[in-house]
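**Q** Test case, fold it:
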Amino acid sequence: MSTAGVFRRITLGIAFAGLVSGGAWAAEDPTSQQQDVQQDKKDIRSDKKDLNRDRADRNADQRDINKDKTDIRSDKKDIRQDNRDIRNDKQDVAKDNRDIRKDSKDLNRDRADRNADQRDINHDKSQLTKDDAKYGANSIQAKTDRKDLHQDRVDRNKDQKDINKDKTDLSKDRTDRNKDVRDLNHDRADRNADAKDLHNDKKDVHADRKDRNKDQKDINKDKKDLHKDRTDLRRDRHHK
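**A** Residues are numbered from 1 along each chain as shown. Coordinates of the predicted model:
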């Protein structure tokens, strides 16, 4: 075998050995620096996810706070309206009670007048009977007694109509008073319910602000972590 042939075989053998050793080196595990870089990238991705999630939570909390503030304004408006309704209802009830007292006085006065008219009627009947017997049915005394009796009956009937009207008015006023009392109780219940809603909404806005502040702290922490991980990545790449 010639010297050139031997040299070519040796060269091919060295090249083949180099390829084999290169493939073996490529198949080795990554270095610690490569692992650090990969871990840094993984941490950065995780930090970004945490940051986005915390921002979404913070924004949701802010929307809840804005809604709670709107509810609080609405509750305060409802309470003011309820208080106005309560004041009006109290005035209506007071007026109804005044009307009832007035109607009761009118009814008692008309009953007294009716009873006085009835006594006059009874007296005129008695007097007419006496005058008829003493002077005759066509006498001036008897005619005067009949005229007085007629007038007393007219007055008695008028007083009875007034009594009936007073009873109707009194019944109507009592019905109105009872309705106004129910309205007053209903408006008080509404005011109490609105006050309770206001109290709950204030508690909600306090809790939402607490959550929002916590999420903001988480965001700040995520930003610091992200900044730190990016710094670590640059350092690991620089030392690679």
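
**Q** where's the one helix or strand Arg101 maps to relative to the chain centroid, distance-wise?
**A** Here Arg101, judged by DSSP states H and E, is contained in helix 32-135. Computed by C-alpha atoms, centre = their mean, to the nearest Å, the separation of helix 32-135 from the middle of its chain amounts to 13 Å.

**Q** so what are the domain limits for this protein?
**A** Domain ranges of the chain: 1-30, 31-238, per automatic domain parsing.

**Q** Where does Asn138 sit: helix, strand or coil?
**A** Assigned by DSSP: H, G, I helix; E, B strand; the rest coil, the conformation of Asn138 is coil.

**Q** which non-adjacent residue is nearest Asp155?
**A** Asp117 (4.6 Å; C-beta to C-beta, 6 or more residues apart in numbering). C-betas here are computed from N, CA, C, even on glycine.

**Q** ditto for Asp82
**A** Closest to Asp82 by C-beta to C-beta, 6+ apart is Arg191, at 3.6 Å.

**Q** how about the one you found, what does it touch?
**A** Ile79, Asp82, Asn83, Ile86 (C-beta atoms under 8 Å, 6 or more residues apart in numbering).

**Q** is it possible to export those residues to a markdown table including pLDDT and neighbour count?
**A** Listed next are the contacts of Arg191 as a markdown table, based on pLDDT from 0 to 100; neighbours: other C-beta atoms under 10 Å:
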| residue | pLDDT | neighbour count |
| --- | --- | --- |
| Ile79 | 95 | 18 |
| Asp82 | 94 | 20 |
| Asn83 | 96 | 14 |
| Ile86 | 96 | 18 |
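
**Q** wait, which of those is closest to Asn108?
**A** Closest approach to Asn108 among the contacts of Arg191 (C-beta to C-beta): Ile86, at 32.9 Å.

**Q** Surely the closest one touches His186?
**A** No - using C-beta atoms under 8 Å, Ile86 is not in contact with His186; the gap is 9.9 Å.

**Q** if I look at Lys134, how far off is Gln141?
**A** 8 Å (C-beta to C-beta, to the nearest Å).

**Q** Apologies, that question was intended for Lys77.
**A** From Lys77 to Gln141 the distance is 79 Å (C-beta to C-beta).

**Q** Which one of the two is surrounded by more residues?
**A** Gln141 (15 against 11; other C-beta atoms under 10 Å).

**Q** what's near enough to touch the nearest residue to the more buried one once chain neighbours are set aside?
**A** Nearest non-adjacent residue to Gln141, counting by C-beta to C-beta, 6+ apart: Asp131, 4.1 Å away. Residues in contact with Asp131 (C-beta under 8 Å, 6+ apart) are Ser139, Gln141, Ala142, Asp145.

**Q** List buried residues within these.
**A** Ala142, Asp145 (16 or more other C-beta atoms under 10 Å).

**Q** mind showing which ranges of this protein have poor pLDDT?
**A** 1-30, 239-240 (pLDDT under 70).

**Q** returning to that earlier point: right, and the helix or strand after the helix holding Arg101?
**A** helix 140-238.

**Q** centre of the chain versus that following helix, how much separation?
**A** For helix 140-238, the distance to the chain centre is 11 Å (C-alpha atoms, centre = their mean).

**Q** That helix to helix 32-135, inter-axis angle?
**A** Taking axes from the mean of the first three to the mean of the last three C-alpha atoms, to 10 degrees, one finds helix 140-238 and helix 32-135 inclined to each other by 180 degrees.
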